[in-house]
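Participant: following is a predicted model, sequence given first.
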Amino acid sequence: MIANLVQLAAEHAEEQNPLIPPGPELLVGAIAFAIVFFFFWKKLLPNINKVLEERREAIEGGIEKAEAAQTEAQSVLEQYKAQLAEARHEAARLRQEAQEQGAQLIAEMRAEGQRQREEIVAAGHAQIEADRKAAAQSLRQDVGQLATDLAGKLVGESLEDHARQSRTIDRFLDELEEKAEAAR
């Protein structure tokens with residue numbers, strides 16, 4: 001009987017498909033798979049999901065930060081352009097003021113130069129007039145003295161009386177001046 005059993009087992013073993021494992025191995029394999037699946041499902045899958053969620057949040061946060069930074073950069077650019085336009089306007093205004101002040105300063109300096117020139121010319125005319133009067137007075141005295149000396153030599157007597165001499169000289173010179181003015 002044992003021989004029959006062995007023979008029957010051998011026949012039965014030959015008939016079995018090599019791709020399908022025997023029942024006990026299949027059971028042990030299913031239990032091992034369930035243990036590994038349970039371990040992955042409880043321990044590894046939450047950690048993997050957590051890491052993927054963090055990565056997704058980091059990417060989305062990075063995009064939001066980039067958009068915020070771009071918005072802020074645009075705002076700063078607009079402020080910069082506004083400040084640049086204001087600075088250019090202020091520079092143009094200052095340049096205009098400087099030109100106006102320069103023109104005003106030039107006009108004031110010209111007026112001051114004109115005033116000083118007129119003062120110098122007036123002082124020169126006054127000095128010339130004073131020098132002319134002094135020269136005329138000196139000439140009058142010299143001419144009077146010479147005329148008196150000459151008249152004294154012609155008449156033959158001395159005309160040393162100063163009061164009479166002065167009146168005669170003044171009258172003579174006044175007549176000469178009247179003739180000179182009439183000739184002009």
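Facilitator: Yep, it's here.
Participant: give me the distance from the helix or strand harbouring A135 to the chain's centre.
Facilitator: A135 is located in helix 45-155, with elements delineated by DSSP states H and E. Relative to the chain's own centre, helix 45-155 is displaced by 15 Å; criterion: Cα atoms, centre = their mean, to the nearest Å.
Participant: report all helices and strands that that helix contacts.
Facilitator: helix 162-183 (3 or more Cβ pairs under 8 Å, 6 or more residues apart in numbering; DSSP states H and E). In short, each C-beta sits where N, CA and C put it, glycine included.
Participant: how about exporting stretch 90-106 as CSV, limited to the C-alpha atoms?
Facilitator: Included here for stretch 90-106 are C-alpha records, laid out as CSV according to Å, rounded to 0.1, in the frame of the first residue of the first chain:
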residue,chain,number,x,y,z
GLU,A,90,12.8,118.8,-9.7
ALA,A,91,16.1,118.9,-11.7
ALA,A,92,14.4,120.8,-14.5
ARG,A,93,12.8,123.2,-12.0
LEU,A,94,16.2,123.8,-10.2
ARG,A,95,17.9,124.3,-13.6
GLN,A,96,15.2,126.9,-14.5
GLU,A,97,15.6,128.6,-11.2
ALA,A,98,19.4,128.7,-11.6
GLN,A,99,19.0,130.2,-15.1
GLU,A,100,16.6,132.8,-13.8
GLN,A,101,18.9,133.6,-10.8
GLY,A,102,21.9,133.7,-13.2
ALA,A,103,20.1,136.1,-15.5
GLN,A,104,19.0,138.2,-12.6
LEU,A,105,22.5,138.3,-11.2
ILE,A,106,23.9,139.3,-14.6
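Participant: which helix or strand lies directly C-terminal to the lowest-mean-pLDDT helix or strand in the chain?
Facilitator: For the chain, the helix or strand with the lowest mean confidence is helix 2-15, at a mean of 59 (criterion: mean pLDDT, DSSP states H and E). Later in the chain than helix 2-15, the nearest helix or strand by DSSP H and E is helix 23-39.
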